[in-house]
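Enquirer: sequence first, then the predicted structure:
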Amino acid sequence: MYVKAQTVRRPGGKAYTYYRLVQSYREQGKVKHRVIGELGALSRLEAEKLSRRFGQIAEIAWPGDGQEELEINGMMYFGAPLLVEQLMADLHLSQWVKEAAKDRRLKFNVVDALKVMLCAHLFKSGSRAELAVWDWQQKLFGHGSRTSDLEYQHLLRSLGVLVEMKDEIEEKLFFHVVGLFDLSVDLVLYDLTSTYVEGQADWSQLLRRGYSRDKRSDCKQIVIGLVVSREGFPITFRVFEGNRVDVRTLKEMVKQLQGRFQVKRCIWVSDTGLLSEPNLKNLKASGYEYILGLGGGSHKDAQAAFPRTKELEQKQFKDTKFWEVVLPRETGGKGRAGKRGSDSGKEPSAKQDSCESPRRIVVIESEGRRQKTSAILERRLEKVRQGFATLQRRISGGQCVGEEDIRVEAEKILHRCRVRKYFTYAMKKGRLSWYEHHQAVEERKADAGKYALVTNTHLSAEEVIEAYRTLLAAEDAFLVLKDALDLRPLWHKCDMNVQGHVLLAVWSYLLYKTLERRCERTGIDLSVPRVLNAIKEVRAVEVAMREKPLWKLMKVPGEVLRALAAVGIDDVKARFQEWAADARPYSYVPRLNPSDEEAAG
């Protein structure tokens with residue numbers, strides 16, 4: 001084993017040198033090399049110092065000092081599995097999964113499979129191939145001694161098993177986490193997102209084409225509804241068909257919150273996508289109060305409320321201005337989200353479902369929102385102007401002269417830019433004329449900074465605004481799930497495994513939030529991603545003198561010691577020595593997925 005330099009030359013001519021820890025081995029009489037660890041960009045002197053440091057970490061002097069020669073057999077991740085095991089124990093997740101799997105005749109340990117897959121979600125790196133779950137378990141310290149050797153089929157099978165026990169364990173987790181962190185369930189936040197799959201996915205009943213939050217309308221997708229507490233802890237989630245519209249998800253989630261989690265009174269907070277008359281009636285019938293976004297003027301109630309704000313007294317709250325409006329009766333009409341297609345029937349009309357009770361509207365206005373919304377509108381308008389100008393030049397050049405051809409091209413321009421109501425066009429053979437409704441544009445820009453909320457609570461307007469702003473906790477959850485916890489894209493080939501993948505991501509996020517709360521309580525001023533990255537670098541090294549293997553722990557940085565102490569791991573060295581006493585010698589064989597193995601064979 002040795003440190004190897006690799007030089008990469010960029011297109012601009014600048015060269016970068018990276019170092020790797022490489023092991024030599026023979027296969028069919030040929031000498032080959034495998035990468036044990038990435039050491040990053042180092043100078044030559046730093047590389048030499050690092051080689052010497054490996055010897056010091058192992059408490060063995062460097063050759064030339066009169067001591068025996070040191071050989072490094074390999075390295076494995078130690079901090080990652082240590083943290084995941086501790087967090088799972090803290091949440092009782094290992095215990096409850098073990099109990100739920102007790103009566104199932106499984107040929108593998110589903111708790112071990114869950115640990116490995118949670119490690120893969122929390123500690124993945126930029127190389128998806130290197131840290132594939134199939135290969136990841138061999139890089140975790142304790143593999144083969146602390147956990148059983150799992151086959152690829154066991155990992156896939158465990159996804160279905162975990163989905164089957166999801167509801168039972170989710171309820172236990174909810175009550176335990178509420179008590180553990182003294183969470184408040186007087187306010188719950190509900191939001192939706194989508195994630196897509198590569199390929200045709202003709203086998204699926206869940207994957208459908210629909211409104212894509214990932215801007216991947218070319219791919220089939222699923223829709224995920226997530227309920228979180230005001231602190232951002234996940235309570236429950238549901239996987240819906242990819243073409244399910246937002247407004248048709250709320251009823252099921254409300255039923256789950258009331259029945260399974262016994263939350264009888266709370267304020268339901270969500271954005272404009274959930275706004276419909278049936279949803280408002282359902283929330284009212286459930287006994288829940290609500291704060292829902294009405295949008296920036298697309299809903300009739302918001303359109304009715306905006307003009308009245310000019311006559312009302314303006315108030316200030318933090319960085320926003322606001323007004324309160326009580327409409328004498330519900331004006332009806334579906335919001336923007338109600339216009340999206342659905343796979344099952346039509347929404348009941350607002351006229352049929354509206355109530356005669358007054359509706360309380362809080363209108364918020366901020367200069368930052370006005371500038372942002374106006375800039376977005378102006379960009380879209382400019383695209384239409386340029387598109388029509390380009391079309392006129394094409395017509396003049398004889399490329400597009402038929403009336404139907406001109407109409408199709410004009411409709412494409414308006415459809416792409418989504419500002420149809422601000423333009424009118426007419427065409428004759430070989431000619432296009434168009435007009436921009438400047439007064440309507442100015443009126444929209446005047447209201448660009450306004451956003452309306454509808455509520456049936458008795459909270460003050462300031463409390464309503466503050467509660468709605470906590471909806472960012474749900475949006476932050478999706479941001480972490482997608483970007484940090486590998487929620488997208490989907491690679492599985494059956495619906496049960498797709499749901500299992502989402503379950504793993506959500507439970508990984510629960511561990512993520514648990515670590516965050518523990519660090520906050522102990523005053524550790526570090527972000528969770530930074531803590532995870534630091535813990536991932538805590539590794540066990542197997543060294544050998546005269547071919548006798550010996551496991552040693554690399555030096556643990558102070559920030560990692562503080563983070564581990566925050567979750568209840570006070571003596572890292574003692575934990576390591578306990579594990580190393582029964583640890584097997586280092587062994588790593590690169591593993592491929594079964595389909596890749598067949599292709600390679």
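Expert: Yep, that arrived. This structure is a prediction, so every number in the text was calculated from the model and none was measured.
Enquirer: can I assume residue 82 sits in a strand?
Expert: No - counting by DSSP: H, G, I helix; E, B strand; the rest coil, residue 82 is not part of a strand but helix.
Enquirer: distance of it from residue 325?
Expert: Distance, residue 82 to residue 325, by Cβ to Cβ, to the nearest Å: 56 Å. The way it works is simple: take the backbone N, C-alpha and C, and place the C-beta from them, glycine included.
Enquirer: also residue 8?
Expert: 62 Å.
Enquirer: neighbour count winner among those two?
Expert: Using other Cβ atoms under 10 Å as the criterion, residue 8 and residue 325 rank with residue 325 on top: 20 against 10.
Enquirer: and that one, what element?
Expert: If you go by DSSP states H and E, residue 325 is part of strand 320-327.
Enquirer: if you count neighbours, what's buried in that strand?
Expert: For strand 320-327, burial by neighbour count (16 or more other Cβ atoms under 10 Å) applies to 320-325, 327.
Enquirer: SS state for the closest residue to residue 240 other than its chain neighbours?
Expert: Using Cβ to Cβ, 6 or more residues apart in numbering and skipping the chain neighbours, the partner closest in space to residue 240 is residue 223 (4.2 Å). Here residue 223 is recorded as strand under three-state DSSP.
Enquirer: residue 223 contacts residue 242, doesn't it?
Expert: Yes - at 6.0 Å, residue 223 counts as touching residue 242 under the criterion of Cβ atoms under 8 Å.
Enquirer: what is in contact with the two at once?
Expert: Listed as contacting both residue 223 and residue 242 by Cβ atoms under 8 Å, 6 or more residues apart in numbering are 194, 210.
Enquirer: what about the residue positioned nearest the centre of the chain, which helix or strand?
Expert: Closest to where the C-alpha atoms of the chain average out (Cα atoms, centre = their mean) is residue 481, at 1.8 Å. Using DSSP H and E, residue 481 falls within helix 472-483.
Enquirer: before we move on, what about residue 518?
Expert: Here residue 518 is assigned to helix 495-521, by DSSP H and E.
Enquirer: what does the next helix or strand after that helix contact?
Expert: As assigned by DSSP H and E, the chain's next helix or strand after helix 495-521 is helix 528-536. Applying Cβ under 8 Å, 6+ apart, the contact partners of helix 528-536 are 77, 79-80, 83, 122-123, 125, 484, 512, 515-516, 519, 524, 557, 559-560, 563-564.
Enquirer: parallel or antiparallel, which strands does whichever helix or strand comes after helix 528-536 pair with?
Expert: Using DSSP H and E, the next helix or strand after helix 528-536 towards the C-terminus is strand 539-545. Applying DSSP bridges, strand 539-545 is found paired with strand 71-77 (antiparallel), strand 548-553 (antiparallel).
Enquirer: and residue 373, which of these is closest to it?
Expert: strand 71-77 (46.6 Å; Cβ to Cβ).
Enquirer: who's in contact with residue 485?
Expert: Contacts of residue 485 (Cβ under 8 Å, 6+ apart): 121-122, 505, 508-509, 512.
Enquirer: point to the helix or strand of the chain where mean pLDDT is at its lowest.
Expert: The weakest-scoring helix or strand in the chain, judged by mean pLDDT, DSSP states H and E, is helix 350-353 (a mean of 38).
Enquirer: any low-confidence regions in the stretch 151-300 of the chain?
Expert: Within the stretch 151-300 of the chain, not a single segment meets pLDDT under 70.
Enquirer: many thanks, have a good one.
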